[in-house]
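*Asks:* sequence and predicted structure, then a few things I'm wondering about:
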Amino acid sequence: MKKVISAQEAAAMVKDGMTIMIGGFLAAGSALKVIEAIAEGPAKDLTIICNDAGYPDRGSGRLIAAGKVKKLIASHIGTNPLAVEGLNNKTLEIEFVPQGSLAEKVRAGGAGLGGVLTPTGLGTIIAEGKEVVTVDGKEFLLEKPLHADLALLGASKSDADGNLIYRGTTNNFNPMMATAADLVIAEAKEIVPVGEILPEHVHTPALFVDYLVQA
């Protein structure tokens, strides 16, 4: 059985300067309770990898609002005016990655790949400083893998071993991020006994999950 910890215990594992992957899409499928505890804790200078900047009061945006984030790697920030302000004032470093490329970079990190080749971003600022690889006469950007110290997942259901189910679109980045971090904490809305989740229904196997938090 996986150890069930409190959101505060999860937040205590976060140290200054850590890189954290946060599953979710505009806070849907995010570990909201753990994020709130981190926002209220002492850790700072964090690098956050997530789809977006969330909202000032919810999701990854809560960490931005609390001044915990040094760098954000995301596909867009338009829903969070604090992230836009940080970008304009140069108080928040933001690395924009096309959404599909972001997913593939995380997947590559989890699979132990050296990166992925994509035509997305060629001829734009996304290509600045990146290697261009020619394959059969076509040019591709080399997008290098992403890896994190910690991944925070938001699950709909978990069994006591940590096998996870994500309902609907809360699936998003969670399964990929589970594979691409040294430590994985899943916040589950429901934790059930082992055997109540059929093996074929599991989205993230318990093998990837280190701790559970009851949402």
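*Replies:* Great, that's in hand. If you're wondering where the values come from, they're calculated on a predicted model, not measured in any experiment.

*Asks:* name the helices or strands packed onto the host helix or strand of V34?
*Replies:* Element membership of V34 [criterion: DSSP states H and E] is helix 32-40. Applying 3 or more C-beta pairs under 8 Å, 6 or more residues apart in numbering; DSSP states H and E, one finds that helix 32-40 makes contact with helix 7-12, helix 61-65, strand 148-159, strand 181-192. (Each C-beta comes from the backbone N, C-alpha and C, glycine too.)

*Asks:* can I get the next helix-or-strand element following the first one in PDB? Just the C-alpha atoms.
*Replies:* The one in question is helix 7-12. Reading on from helix 7-12 to the C-terminus, the next helix or strand found by DSSP H and E is strand 19-22. Provided in PDB are the C-alpha atoms of strand 19-22 (Å, rounded to 0.1, in the frame of the first residue of the first chain):
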ATOM      1  CA  THR A  19      11.600  21.800 -10.800                       C
ATOM      2  CA  ILE A  20       8.000  20.600 -10.500                       C
ATOM      3  CA  MET A  21       5.700  19.200 -13.100                       C
ATOM      4  CA  ILE A  22       2.000  20.000 -12.500                       C
END
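
*Asks:* I figured Y166 hits S158, correct?
*Replies:* No. Y166 is beyond contact range of S158, at 10.2 Å (criterion: C-beta atoms under 8 Å).

*Asks:* who has more neighbours out of those two?
*Replies:* S158 (29 against 22; other C-beta atoms under 10 Å).

*Asks:* these two touch, right, that one and E190?
*Replies:* Yes. The criterion here is C-beta under 8 Å, and S158 meets it with E190 at 7.3 Å.

*Asks:* tell me where this protein has strands.
*Replies:* 3-5, 19-22, 46-49, 69-74, 93-96, 116-118, 132-135, 138-143, 148-159, 164-165, 181-192, 211-214 (DSSP state E).

*Asks:* between those, which one is closest to F173.
*Replies:* With C-beta to C-beta as the measure, strand 19-22 is the member of the strands of the chain nearest F173 (7.7 Å).

*Asks:* would you turn the strands of the chain into JSON lines with mean pLDDT and distance to A108?
*Replies:* Below are these laid out as JSON lines (pLDDT from 0 to 100; distance: least, C-beta to C-beta, whole Å):
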{"stretch": "strand 3-5", "mean pLDDT": "96", "distance to A108": "30"}
{"stretch": "strand 19-22", "mean pLDDT": "98", "distance to A108": "13"}
{"stretch": "strand 46-49", "mean pLDDT": "98", "distance to A108": "13"}
{"stretch": "strand 69-74", "mean pLDDT": "98", "distance to A108": "14"}
{"stretch": "strand 93-96", "mean pLDDT": "97", "distance to A108": "16"}
{"stretch": "strand 116-118", "mean pLDDT": "97", "distance to A108": "5"}
{"stretch": "strand 132-135", "mean pLDDT": "97", "distance to A108": "14"}
{"stretch": "strand 138-143", "mean pLDDT": "98", "distance to A108": "8"}
{"stretch": "strand 148-159", "mean pLDDT": "98", "distance to A108": "13"}
{"stretch": "strand 164-165", "mean pLDDT": "98", "distance to A108": "21"}
{"stretch": "strand 181-192", "mean pLDDT": "98", "distance to A108": "14"}
{"stretch": "strand 211-214", "mean pLDDT": "98", "distance to A108": "25"}
